[in-house]
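A.B. asks: only geometry, no sequence info:
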């Protein structure tokens with residue numbers, strides 16, 4: 001079954017993931033946990049970004065966010081990870097990320113699976129690589 005972004009839904013260990021990349025990262029986290037590189041992790045933890053409220057007779061619903069993963073590191077720090085494609089980094093996601101960053105102290109990491117490298121890289125690093133590629137193509141141009 002495909003999602004609205006064309007990703008194939010995957011089931012691993014009775015957990016449903018929105019993409020193959022997300023399932024790959026889950027397996028990576030399992031390995032890290034088994035080898036005591038991390039303390040533990042949670043799948044799709046919910047976060048309340050904003051309470052429901054009413055103003056001028058208009059009721060506004062609460063804003064919730066479910067991350068892909070919440071990693072509890074051995075040093076006690078918590079990292080929230082979202083596995084994305086460029087198509088799934090929507091304006092809604094960007095706003096929820098800002099609300100999350102404002103409310104929670106946890107490190108927030110957006111990872112992209114790069115097939116050519118066969119690894120996950122942080123989205124900010126991915127943007128830099130793409131920009132370098134565009135510059136190199138423009139010079140050849």
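C.D. replies: Structure's in. What do you need? Given the structure is predicted, the values throughout are model-derived calculations rather than measurements. Residues are numbered from 1 along each chain as shown.
A.B. asks: Report pLDDT for the closest residue to residue 77 other than its chain neighbours.
C.D. replies: Nearest residue to residue 77 in three dimensions, chain neighbours excluded: residue 107, at 6.9 Å (C-beta to C-beta, 6 or more residues apart in numbering). Bear in mind the C-beta positions are built from the backbone N, C-alpha and C, glycine included. We have a pLDDT of 97 for residue 107.
A.B. asks: Please apply the same query to residue 7.
C.D. replies: For residue 7, the model assigns a pLDDT of 68.
A.B. asks: And for residue 52?
C.D. replies: Residue 52 is assigned a pLDDT of 98 by the prediction.
A.B. asks: Tell me how many other residues crowd the residue nearest to it when sequence neighbours are not counted.
C.D. replies: Once flanking residues are discounted, residue 52 sits nearest to residue 62: 4.2 Å by C-beta to C-beta, 6+ apart. The local packing of residue 62 (other C-beta atoms under 10 Å) involves 10 other residues.
A.B. asks: in terms of contact, does residue 62 touch residue 54 like I think?
C.D. replies: No. Between residue 62 and residue 54 there is no contact under C-beta atoms under 8 Å: 11.8 Å.
A.B. asks: which strands and helices sit next to the helix or strand hosting residue 30?
C.D. replies: Per DSSP states H and E, residue 30 falls inside helix 20-34. When contacts are defined as 3 or more C-beta pairs under 8 Å, 6 or more residues apart in numbering; DSSP states H and E, helix 20-34 sits against strand 10-12, strand 15-17, strand 40-43, strand 69-72, strand 78-84, strand 107-114, strand 119-122.
A.B. asks: what's the average pLDDT for that helix?
C.D. replies: Mean predicted confidence for helix 20-34 is 96.
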